[in-house]
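Trainee: Predicted model and sequence below, questions to follow.
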Protein chains: 2
Amino acid sequence: MDKPATIIDIAKALNISPSTVSRALNDHPSISAQTKKDVHELAEKLNYQPNLTARNLLKKRSGVIGVIIPEITSYFFSMVITGIQDIVSSVGYKLIISQTNESFEEEKKLAHEMALMRVEGLLVSPSFNTTGYEHLEEVRKSGIPVVIFDRDCPGFESSKVFVDVYDGAYQAVKYLIDSGCQKIAHIAGPVSIPTFQERFNAYCNALTDQGRVADPSLIVYSPGFSAEDGVSAVDRLLEQASEIDAIFCVNDAVAIGAMHLLREKGYRIPQDISIIGYDDEPYSCYFSPALTTIWQPVYDMGLLSSRLLLDSINKKVPFRHEVLKPELVIRESSKEKPSFSL
Amino acid sequence: MDKPATIIDIAKALNISPSTVSRALNDHPSISAQTKKDVHELAEKLNYQPNLTARNLLKKRSGVIGVIIPEITSYFFSMVITGIQDIVSSVGYKLIISQTNESFEEEKKLAHEMALMRVEGLLVSPSFNTTGYEHLEEVRKSGIPVVIFDRDCPGFESSKVFVDVYDGAYQAVKYLIDSGCQKIAHIAGPVSIPTFQERFNAYCNALTDQGRVADPSLIVYSPGFSAEDGVSAVDRLLEQASEIDAIFCVNDAVAIGAMHLLREKGYRIPQDISIIGYDDEPYSCYFSPALTTIWQPVYDMGLLSSRLLLDSINKKVPFRHEVLKPELVIRESSKEKPSFSL
DNA sequence: CTGTTAGCGCTTTCAG
DNA sequence: CTGAAAGCGCTAACAG
């Protein structure tokens, strides 16, 4: 209601100067106990709230950190955000979160807006359609530190935090080989996207490293990576290949869609076909069979990237590149590895 | 890099006054085309970016809207946020999002911080442990409109947007009855929480409305509402009841946990036991059997609540209470309703 | 211990 | 069409 009380209102009412009030409020050492008491009491009474905008203008800071992500509606990114928030809120920062919906244009617009808002730092995971980094260069040129996470921006210089995508995929395929699978298929995501390209590469290399060949008829490229895409991808796979006994899916969603159709077609998992996904989504362990998958330290990624960002904000530090390790979570959708091979 | 250019820098360089520059930049009608051109060109060259903090201080606005939710890591809330963001970003607002993790203390702190930041409006879905609304009253008293969504704050006066929880639950139980189920159990959530209490009430009423009684032995109260809770709840249910042929679960997570254990114990779904959940989570249709559940217009809730908030910000409007309708999504985890009853 | 002064960057009367 | 001046609310030298 009405105008909020200012420091000047308090000063006038107490017949002292605004600076004294300011100092009293900020608990400055050289202010008499009595004055402090008077000021605090009146402030309380008037329900005084400091105007952060004024303070920010003076101090040239905003107290907010920006986050740009492709989408918030995924376990992955919402968990990263939780990690980020736990760190930055502990040091008094607020978070401005925006999603690009995988649109490059939107990303450029958002980056620009963030710079305008004078965010003190920016965390970004670029969209799949991002093809240049001038928008991020601009942000950095305005003196705002940027940290990239999860998805790389090759050539853009900044601190970065990733999960070792290749390693996770390699582990998965290696496990399938070790468990005795002979015809291991792969439902690949759009390989124009580096993350999926890496999973694809790991699939091929894991195979060749064991003296096998990556048979093209065992690979199907999915245009998307949702559960629906998994359904149609496995449908095509079954047409072009025969006798497959394992599928490494580009992510859990696709794996879940794939399992769905396979079961409908009467395949037994894992007796007929082993399935491994990627991401360890919350419900993946509740499917039957429970999905074997790759777990990623998602929350940690949020913690780490925001820590790196805070470092860059506080002092000029050299860029750091951190790579977190994923883990294979063995459940029921894959055959067991014979114990003698341990 | 270096100091960002200000309006004064431009003024000096062009030998005109800051006010003229300001007007030129804002395309004020009474400025000569030539001056405008000069100013814009130099602004471009100096990479001038208006200082929003200064402008906000003057205009007494912040351009941001606050959102307080229990958690961001759920399909439900992240989808609501998407709806909110689609509306508010179209009119130039930025979003500050914070999660309470169901902590009342945290919620109070956040509400206070939001007020301090001078957010222009606040959207809140209170935590389950929220017992009073003084923190929200305070926000409103500072002149910041508040809109409550999804979970009610009884007695707190503001615009509110909810889904008709009772209706959804009633539909679910009614369907089970109509499909011929005789012993319909309920895994209830913590009934201290209004949402779960309502689902419970609907369960009882749907039964009694059809001339049945809500048998206490068919009801199990779960302390939580995760998939794990569903597992243990159904375990207890099987001990205390016999021959149940349907379970209405408080939400999809619990239903998924319940189905998991039931399958392990050899029950066939829906032949032996029909299952209905609540929420229609993204993967619910991919379980086998696909889960029958209640869908809620989550995105719409985000749209609507932010629209109501914008209305309150722009002009004094009376509070509005909106109730959105959920829908029963029939899939495979429930027996079919005989067609003659249609 | 306290007051004076100046200014953060911008907009907006009020005068020309 | 343009300039001078005032001020949003707060803080920080610099003086006492």
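Mentor: Thanks, I have the structure now.

Trainee: From now on I want contacts and neighbour counts done on CA atoms only, so please keep to that.
Mentor: Will do.

Trainee: And the contacts of stretch A:213-221?
Mentor: A:183-191, A:204, A:207-208, A:233-234, A:236-237, A:240-241, A:244 (Cα atoms under 8 Å, 6 or more residues apart in numbering or on different chains).

Trainee: Point out where the stretch 1-150 of chain A drops to low pLDDT.
Mentor: A:1-2 (pLDDT under 70).

Trainee: Now do the helices in the stretch 51-200 of chain A.
Mentor: A:52-59, A:75-88, A:104-116, A:134-141, A:165-178, A:194-209 (DSSP state H, counting those that start in this stretch).

Trainee: and what of the stretch 201-342 of chain A?
Mentor: Under DSSP H, counting those that start in this stretch, the stretch 201-342 of chain A gives helices at A:227-240, A:252-264, A:298-314.

Trainee: Of these, flag the one that's most buried.
Mentor: helix A:252-264 (a mean of 24; mean count of other Cα atoms under 10 Å in any protein chain shown).

Trainee: Identify the residues contacting that helix?
Mentor: A:187, A:225-235, A:249, A:268-269, A:275-281, A:284, A:291, A:293, B:286-288.

Trainee: what do you get for stretch A:318-335?
Mentor: With Cα under 8 Å, 6+ apart, stretch A:318-335 has contacts from A:157-165, A:167-168, A:171-172, A:176, A:179, A:246, A:269-271, A:273-276, A:280, A:285, A:288-297, A:301, A:308.

Trainee: picking up where we left off before, can you redo the helices of the stretch 201-342 of chain A as TSV with mean pLDDT?
Mentor: Converted to TSV, the helices of the stretch 201-342 of chain A look like this (pLDDT from 0 to 100):
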stretch	mean pLDDT
helix A:227-240	95
helix A:252-264	96
helix A:298-314	96
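
Trainee: interface residues of chain A facing chain B?
Mentor: A:1-2, A:4, A:49-54, A:56-57, A:62, A:72-75, A:78-79, A:82, A:85, A:94-98, A:116-118, A:140-143, A:256-257, A:260, A:283, A:286-288 (Cα under 8 Å from any Cα of the partner chain).

Trainee: make it 7 Å
Mentor: A:1, A:49, A:52-54, A:57, A:72-73, A:75, A:78-79, A:95-97, A:116-117, A:141-143, A:256-257, A:260, A:286-287 (Cα under 7 Å from any Cα of the partner chain).

Trainee: picking up where we left off before, switch the helices of the stretch 201-342 of chain A over to CSV; also include distance to A:Arg199.
Mentor: Formatted as CSV, these follow (distance: least, Cα to Cα, whole Å):
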stretch, distance to A:Arg199
helix A:227-240, 16
helix A:252-264, 13
helix A:298-314, 18
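
Trainee: So for A:Ala33, which of those helices sits nearest?
Mentor: helix A:298-314 (33.2 Å; Cα to Cα).

Trainee: where are the low-confidence patches of the stretch 151-300 of chain A?
Mentor: For the stretch 151-300 of chain A, no range has pLDDT under 70.

Trainee: hmm, try it at 90
Mentor: A:192, A:241-243, A:288 (pLDDT under 90).

Trainee: gap between whichever residue of the stretch 151-300 of chain A sits closest to DNA strand C and DNA strand D?
Mentor: Residue nearest to DNA strand C within the stretch 151-300 of chain A: A:Ser158 (25.6 Å; Cα to the nearest atom of the strand). From A:Ser158 over to DNA strand D the distance is 30 Å, taken as Cα to the nearest atom of the strand, to the nearest Å.

Trainee: Quick check: closest non-adjacent residue to that residue.
Mentor: Spatial nearest neighbour of A:Ser158, excluding adjacent residues (Cα to Cα, 6 or more residues apart in numbering or on different chains): A:Phe319 at 5.5 Å.

Trainee: what's around that neighbour, how many residues?
Mentor: 15 (other Cα atoms under 10 Å in any protein chain shown).

Trainee: what's the answer for the one 10 residues further on, then?
Mentor: Here the count is done by other Cα under 10 Å, and A:Val329 has 18 residues near it.

Trainee: go on, A:Val165?
Mentor: With other Cα under 10 Å as criterion, A:Val165 counts 23.

Trainee: returning to that earlier point: minimum distance to DNA strand D: which of the helices of the stretch 201-342 of chain A has it?
Mentor: Closest among the helices of the stretch 201-342 of chain A, using Cα to the nearest atom of the strand: helix A:298-314, at 16.3 Å.

Trainee: who's in contact with the closest one?
Mentor: Contact partners of helix A:298-314, identified using Cα atoms under 7 Å, 6 or more residues apart in numbering or on different chains, comprise A:76, A:79-84, A:87-88, A:120-121, A:145-147, A:149, A:161, A:317.

Trainee: Any chance of a PyMOL selection covering the buried ones in those residues?
Mentor: Applying 16 or more other Cα atoms under 10 Å in any protein chain shown to those leaves a buried subset, and the PyMOL line that selects it is:
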select buried, chain A and resi 76+79+80+81+82+83+84+87+88+120+121+145+146+147+149+161
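
Trainee: near DNA strand C, which residues of chain A show up?
Mentor: Counting by Cα under 7 Å from any atom of the strand, the residues of chain A close to DNA strand C are A:15-20, A:29-35, A:54-55, A:57-58, A:60.
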